[in-house]
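Student: got a predicted structure plus its sequence, pasted below:
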Amino acid sequence: MSDYQVPALTVMSLAILNGLITSVILETIILSRQMILSIAFKTALGMSFISMVAMEISMNATDLILVGEAKLNIWVIPIMLFTGFITPLPYNYWRLKVYGRACH
């Protein structure tokens, strides 16, 4: 085994990218039951991209702050889930009030 460590920013960037890709794929699959696949994909991209990015960044930052590195520990998961839920709420609330429609 080598002693090479991947920088925390790289690990966090990959985690954010994977979270976004997974979310868009899942939303596209769900929406494709109601609309054409290409429209479902465009809708999934536009639905909640900002709140997804905010959630992923806050969850990864919480992990980095509490653990000290980009390493997932079981005890930090509930805290990460809480911060990931709370962080996009102001944006989602604002969007609902201003545009009269939800992000999800």
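Tutor: Done, it's in. Numbers count the residues shown, from 1 in each chain.

Student: report pLDDT for the nearest residue to Tyr91 once chain neighbours are set aside.
Tutor: Computed as CB to CB, 6 or more residues apart in numbering, the closest residue to Tyr91 that is not its neighbour in sequence is Ser51, at 5.5 Å. Every C-beta, even on glycine, is put in place using the N, C-alpha and C of the backbone. We have a pLDDT of 84 for Ser51.

Student: what about Ser51, how many neighbours?
Tutor: 19 (other CB atoms under 10 Å).

Student: neighbouring contacts of the host helix or strand of it?
Tutor: Assigned by DSSP states H and E, Ser51 belongs to helix 49-67. Contact partners of helix 49-67, identified using CB atoms under 8 Å, 6 or more residues apart in numbering, comprise 8, 12, 15-16, 19-20, 23, 70-73, 76, 79-81, 83-88, 91-92, 103.

Student: just the buried residues of those.
Tutor: 8, 12, 15-16, 19-20, 23, 70, 76, 80, 83-84, 87-88, 92, 103 (16 or more other CB atoms under 10 Å).

Student: how far does stretch 53-61 sit from its chain's centre?
Tutor: 6 Å (CA atoms, centre = their mean, to the nearest Å).
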